Every structure is written in structure tokens, then in C-alpha cells.
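> Structure, please.
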Amino acid sequence: MDAPARRIALTGGIATGKSQCMETFARLGAPVIDADQLARDAVAPGSAGLAAVVGRFGPSVLLPGGQLNRAALGAIIFADPTARQDIEEIIHPQVYAAIARWFTALDAPMGIADIPLLFETGHEEDFDVIVVAKCRPEQQLARLMSRGRLSKTNAGARIAAQLPLADKVAGADYVIDTSGTLEQTAANTEAVWVKLQSGIGNR
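Purely as a prediction, here's the structure:
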């Protein structure tokens, strides 16, 4: 019987370059899965997840076409820790169940799951290896402001809502420095991929 696939988690802070790392892993041939996409699927129109969100937060979090209004929901949950916990309790069990099914069915030596809130949700022990993408704090803030068209205050609040990046780095088996150019980030990611393929770093 074949050994189960090694479960690799890629995490980091918001706007620390995880997506760039994941694109490189995929280009190098790694099977990948994105928790953010699974979270979107969990609240797709007509889903039980979306019905639960509306039941908790009301119809103001819906767009006219019936889709989730992510901007409206984001404004609520980033200002209210209780609301954020409530939405996580709706979505995260579905996301982790989907990830577990994916790894079980995976016909490959390893797979990589991009999970932004890995440590925050207490699921780090579900994985054999944890990779953290990190950059300098001022870069993270600037990237988030640029990406989300957020004010410095709002961007800082979203960063503060997550576990400090230093704590995630402390819990990592590998760290990918994304503070340089895209080419440097890709090279750093490739170096970690080589080590993962050699089987180094099991928890």
C-alpha cells in the first residue's frame, strides 16, 4: 500500500506573498489547494454555508444577485472579534474537511495547502510540514493598502486581527522570505521545494 501524501501547509500573514509562493510551487509541479477558494465555495449562492451566514448577519451581507457581499461582511468581522469568530465557525470546518478529503485522495508523494489562518484556527498539527511566507512589516502594510485600497488604519487593523507574523515564523519548519523581488521570492520558494522533495523537515 502506498504511503499517504505528506501534508504541507503554506501560511503567513495577510499580504505576505503566499500567493506568489503557491504559484511557484504549482509551476514546479506540486499539487496545490487553496483554502481561500474553498472558503468561497463554502458560501456560494445556494449553499448551506451562505444560508448560515445570512442567518447570523442578516440580508445586508448579500449583493442584489444573491452572492455574498464580501466587503460588507469584511467590514463587520474585522471590527468585531465575536462576529469574526462566528463566521469562522461557519466556514472553517467545511474548509478543513475539504482539505482532508483532498489529501486522502491525492495520488502524489506530497501536496501543499495554502491556509492563511492555519495557526489562528489551531490546525497546525494536522500537517507534516509548515512553510511560512514572510516579509518586513512595513512591506506587509504597504502591500495590503495597495491591494485592498485600504487606509493605513484599516490595513493595520486587518493585520492586527491575525496572529503576529513572528509567532508564525517561530512555528515554521521552513520560512520563505518574500521581501525581495518576485524573482528572488521564486528562487527562495524553489529552494524550499528542493528540500521538501528530499523529505527533509517532517514534524
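> Contact partners for the closest residue to residue 13 other than its chain neighbours?
For residue 13, ignoring the flanking residues on the chain, the nearest one in space by CB to CB, 6 or more residues apart in numbering is residue 165 at 4.4 Å. C-beta: built from backbone N, CA, C; applies to glycine. Listed by CB atoms under 8 Å, 6 or more residues apart in numbering, the contact set of residue 165 reads 12, 13, 16, 132, 134, 137, 140.
> Repeat the analysis, applying 10 Å as the threshold.
Counting by CB atoms under 10 Å, 6 or more residues apart in numbering, residue 165 touches 12, 13, 14, 16, 132, 133, 134, 135, 136, 137, 140, 159.
> Same list (those) but as CSV, adding neighbour count.
Below are the contacts of residue 165 laid out as CSV (neighbours: other CB atoms under 10 Å):
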residue, neighbour count
12, 29
13, 24
14, 18
16, 28
132, 25
133, 31
134, 22
135, 22
136, 13
137, 15
140, 23
159, 18
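> any idea which residue sits dead centre in the protein?
residue 116 (2.2 Å; CA atoms, centre = their mean).
> Would you check that that one makes contact with residue 17?
No. The pair residue 116 and residue 17 does not pass the contact test of CB atoms under 10 Å, sitting 11.8 Å apart.
> Mind jotting down where the helices sit in this structure?
18-27, 35-42, 48-57, 70-77, 81-105, 137-148, 152-160, 165-170, 182-197 (DSSP state H).
> I'd like to know which of these is closest to residue 4.
helix 81-105 (7.4 Å; CB to CB).
> Show me which residues of that closest one are buried.
Going by neighbour count (16 or more other CB atoms under 10 Å), the buried part of helix 81-105 is 84, 86-88, 90-92, 94-96, 98-99, 102-103.
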